[in-house]
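**Q** pasted the sequence and its predicted model underneath.
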Amino acid sequence: MITYKVGSAAAPATGTWPCVITHVVNDVGRWGKGFTASLDEVYPAAAASYLEWSSPARPSSVPFRLGNTLIAALAPPDVYVAHLCAQHGLPSRDNPHPLNLVTLEACLGELATMLGRARRDYTVVMPRIGTGFGGAKWSTIEPIIEACFPGRQVIVYTRGPA
C-alpha cells in the first residue's frame, strides 16, 4: 500500500527508517538533474555509488545496464539508496519519454526480491519516480509499484497534495 506524504524523499522522516530511497537513473551515466540533485544535497554518497557503478573503468558485480538495480548504503544500517536503471538515454525532442516501463517493473521486482531476503523490514521511499525526466504519468506507474510491493510499506513523497 502506498502512503503519500508532502516533503522530500531525499530526507525521509526518521520514523520511516530503516528505508531504501528508491529512484530511477538513466543508462548513460549522467547524474545531477531532477531528484538526484535533491538526493545529492543530503547524501553525496548516492552520486558516488551511481557514478562508480556507471563507470566502465570500475566494473561492478551488478552490470550497469538498463533493467538492473543497485542498492548502496547511505547511512547504514538505516538508510540505503536503490538506483533503478530504467531510463534509456536522456530526454530530448527525439526521446521525450525515456522511461522504459518494462525495465522499471523489472527493477522494482528485483528490489522487492532483494528486500524480501533482507533480515529487516525496510520501508520503500521514493518521489513520483519516472514522472519527471522519464516522461511517464503517475497513473501508469502507481499500479506497477503496488503490484511489486504487496504488504510492504511504500511512502511516496510529493511537493504538494497527492
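**A** Alright, I've got the coordinates.
**Q** list the buried ones in the worst-scoring helix or strand of the chain on mean pLDDT?
**A** Least confident helix or strand of the chain, by mean pLDDT, DSSP states H and E, is helix 35-42 with a mean of 93. Within helix 35-42, the residues that count as buried by 16 or more other CB atoms under 10 Å are 35, 36, 38, 39, 40, 42. The C-beta positions use only the backbone N, C-alpha and C, and glycine is treated the same way.
**Q** and of the residues you listed, the nearest to residue 148?
**A** residue 35 (18.9 Å; CB to CB).
**Q** now do the contacts for the closest one.
**A** Counting by CB atoms under 8 Å, 6 or more residues apart in numbering, residue 35 touches 9, 10, 23, 127, 129, 132.
**Q** hmm, back to that, specify which member of the buried residues of helix 35-42 is nearest to residue 85.
**A** residue 36 (13.0 Å).
**Q** specify the beta-bridge partners of the residue nearest in space to the middle of the chain.
**A** The C-alpha lying nearest the average C-alpha coordinate of the chain belongs to residue 23 (CA atoms, centre = their mean; 1.7 Å). Judged by DSSP bridges, the bridge partners of residue 23 are residue 83.
**Q** grab the longest helix from the protein for me.
**A** helix 101-117 (DSSP state H).
**Q** what sits up against that helix?
**A** Contacts to helix 101-117, defined as CB under 8 Å, 6+ apart, come from residues 20, 22, 24, 66-69, 71, 82, 84-86, 88, 122, 124, 129-130, 136, 140-141, 144-145, 147-149, 152.
**Q** for that helix, buried residues please.
**A** Quick answer for helix 101-117 (16+ other CB under 10 Å): 103, 104, 105, 106, 107, 108, 110, 111, 112, 115.
**Q** report the lowest-confidence entry in the contacts of residue 35.
**A** Of all the contacts of residue 35, residue 132 carries the smallest pLDDT score, 92.
**Q** that one is in contact with residue 34, isn't it?
**A** Yes: counting by CB atoms under 8 Å, residue 132 touches residue 34, with 4.6 Å between them.
**Q** which of the contacts of helix 101-117 count as buried?
**A** 20, 22, 24, 66-69, 71, 82, 84-86, 88, 122, 124, 129-130, 136, 141, 144-145, 148-149, 152.
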